[in-house]
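**Q** Have a look; sequence and predicted model below, questions after that.
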Amino acid sequence: MKRTFKYRAYPKPAQEAWLFTELRHQKELQNYMLQMRSQMWEYGSISVSLYDQINHLAHLRQNNTHYSEHAQDMQVSTIKRVNVAFKHFFRRCKEGTENKGHPNYKKSVRSLTWCLRKSKGVRQNPIQKTNARHNLLKVPKLGNVAIRQHRPLIGDPKEVTLKKTARGM
């Protein structure tokens, strides 16, 4: 059973600026990966897989500082999101539904997601408890962001998502 816990984040102004920059980068990466898949199929009927795109990302990170200065975990999660969109598109094509819904380019991305890695068989909890009102969430390449943890986290967290809403992060 999956459980979801929502906690409000309170980033400092510099952290908020970094998060908005990261949202913009993830939008660009998602559109680039969509374009890559579409063009490869259009020009040579070549199907691009998730692992092809992750390997391409590794190549980009080695040769381009624009990609290496952003968190790799978030970039891989964006590529996985593109892969899921194409899986659902191909499923709808097989079923023969009238509106197949080809994945669209994004004008903006509202959430940052990253998977928590295991170290020695155990995932580390990204939330650090403090004795103050706010606990700290460890975000890759950013550091600690204050969150209001109104209830305890139950279980082993596998993924973290920061979502931009009208109220803030």
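**A** Nice, thanks for sending it over.

**Q** what's the distance between residue 94 and residue 87?
**A** 11 Å (Cβ to Cβ, to the nearest Å). For every residue, glycine as well, the C-beta is placed using N, CA and C.

**Q** Over to residue 33?
**A** Relative to residue 87, residue 33 is positioned 14 Å away (Cβ to Cβ).

**Q** who has more neighbours, those two?
**A** Applying other Cβ atoms under 10 Å to residue 33 and residue 87 shows that residue 33 carries more neighbours, namely 25 against 11.

**Q** Am I right that the more buried one is in contact with residue 53?
**A** Yes - using Cβ atoms under 8 Å, residue 33 is in contact with residue 53, at 5.5 Å.

**Q** Mind listing the shared neighbours of the two?
**A** Taking Cβ atoms under 8 Å, 6 or more residues apart in numbering as the criterion, residue 33 and residue 53 both touch 79, 82.

**Q** which SSE is the spatially most central residue of the chain in?
**A** Per Cα atoms, centre = their mean, the C-alpha nearest to the average position across the chain is that of residue 113, at 3.2 Å. Using DSSP states H and E, residue 113 falls within strand 111-115.

**Q** Partner strands of that strand and their direction?
**A** Sheet pairing of strand 111-115 (DSSP bridges) gives strand 159-163 (antiparallel).

**Q** what packs against whichever strand or helix holds residue 81?
**A** Under the criterion of DSSP H and E, residue 81 resides in helix 72-95. Counting contacts by 3 or more Cβ pairs under 8 Å, 6 or more residues apart in numbering; DSSP states H and E, helix 72-95 is packed against helix 13-44, helix 50-63, strand 111-115.
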